[in-house]
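# Fold the following and give me the result.
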Amino acid sequence: MTTTAYETRIVADENVPTIEIIREFDAEPAQVFRAHTDPDLYAQWVGPHSVSTRISRWDARTGGAWAFANDRDGVEIATFYGSFHEVRPAERIVWTFTYTGEPDGVALETLTFEKVGERRTRLRTLSVVADFATRDGMLASGMETGVREGYDKLDQLLAPESASPAVAGPATRHFEDAARFTALVESASAEDFRRPSPVPEWTALDIVRHLVDWSRGFLGGAGIELPALDVAADPATAWKKHVADIQAVLDHPAGRVLSNPHTGDQPVDQAIDTFYTPDIWMHTWDLAKALGHEPGLDEQRCRAALEGMAPMDRMLRESGQYGPAVPVGADASAQDKLMAFIGRDPAWQPTS
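Numbering: from 1, shown residues only. Okay, the predicted model is just below:
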């Protein structure tokens, strides 16, 4: 059994009715974040060893809601519910937390996921309640035992030797990149999907349709036949169904191999991770721009992508995937340099 030397620090402020919990984990922020937002994973670790958790409602997005129950020896002993105020992939969760036995004792909790080293994350949880009596009642309820034992279970879930999808690189990378793209899709109105995009002759809708259509066909090389989705009729619903389908393949690759005349034979999760997930990430820039948002791609990842693609410049141009490179200054951001390399104009803005 894997254990860590990390201490769980629980601090009750003398001046305001808050509880701060600080804990580090040997995992990337995206992995710890996923363990908090994937209901199947969350149910595996939350709470003390003596209870099991049943999720009854779970919509881990900004504006969503959740509910779960704790059972001991098959008997329900407590239920909890709340809402997701903000969900920012791999960075931050703000949610409310209420015990049904104390409906007036709602807590507002902010969780931040901070990368503090190579494959290490510091999780901070700040709970704010209405008064000291509520805060002290929470502390006296056995909360500390539940938190410490729950985090011990989370350590096991995140361990490299664990079979959990929380630590499988391709599954977690898709989970994180798809979540960012999903947030953009959900923010768009029907009219927004008709807006032009930085990709010549493509609308915002075409970006979503491209990601859905080609990847579902691509998986046929692994014997995975996914039904066609009508993206035009309801882009958000189709996209979320598509994300769930791809995530299911990544969480349970089952040793399947994807054969493709252009890419050869690869394990299906590796093939998705190599060809499809980066496409989501890159097209996040296109969709954000089309919707009038700043993309904010990770600079380090942009630099690494550009370094990997630059030696294949001629081949990429000849393939027709990318247009001519756009000139940018030497002091341009890594994001702008990457987009310029693949033929996007970093200064592109949607027409009104």
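# wouldn't Thr182 be in contact with Arg61 here?
Yes: counting by CB atoms under 8 Å, Arg61 is a contact partner of Thr182 at 7.5 Å. C-beta coordinates here come from the backbone N, C-alpha and C atoms, glycine included.
# Looking at the two, which is more packed in?
Thr182 (18 against 15; other CB atoms under 10 Å).
# In contact with that one: list those residues for me.
Applying CB atoms under 8 Å, 6 or more residues apart in numbering to Thr182 gives the contacts Arg61, Trp239, Lys240, Val243.
# For the stretch 151-300 of the chain, give me the ranges with low pLDDT.
The model of the stretch 151-300 of the chain has pLDDT under 70 over residues 163, 168.
# Would you tell me what the next helix or strand after the lengthiest strand in the chain is?
The strand that spans the most residues within the chain, counting by DSSP state E, is strand 75-88. Using DSSP states H and E, the next helix or strand after strand 75-88 towards the C-terminus is strand 92-99.
# Report pLDDT for Thr2.
If you check Thr2, the pLDDT there is 45.
# again with the one 10 residues further on
Per-residue confidence (pLDDT) for Ala12: 95.
# could you list every residue that touches it?
For Ala12, the contacting residues are Thr18, Ile19, Arg135, Asp136, Leu139, by CB under 8 Å, 6+ apart.
# Looking at those residues, which is nearest Pro29?
Set against Pro29, the nearest of those by CB to CB is Ile19 (22.0 Å).
# what's around the closest one, how many residues?
Other residues close to Ile19 by other CB under 10 Å number 22.
# Kindly report the same for Asp298.
Residues near Asp298, counting by other CB under 10 Å: 13.
# and Ile22, helix, strand or coil?
strand (DSSP: H, G, I helix; E, B strand; the rest coil).
# need the contact list for it.
So Ile22 contacts Thr8, Arg9, Val11, Arg122, Leu123, Arg124, Thr125 (CB under 8 Å, 6+ apart).
# can I assume Ala305 sits in a helix?
Yes: Ala305: assigned to a helix according to three-state DSSP.
# okay but Asp251 is in contact with Ala166, surely?
No: taking contacts as CB under 8 Å, Asp251 lies outside contact range of Ala166: 9.6 Å.
# what about these two, which has more around it?
Neighbour comparison, Asp251 and Ala166: the larger count goes to Ala166, with 28 against 20 (by other CB under 10 Å).
# Please report how far that one lies from Ala304.
To Ala304, Ala166 is 23 Å away according to CB to CB, to the nearest Å.
# which residues of this protein fall in helices?
Counting by DSSP state H, the chain has helices at residues 29-37, 39-45, 132-140, 143-158, 169-187, 204-218, 235-251, 268-271, 277-290, 299-309, 313-319, 334-341.
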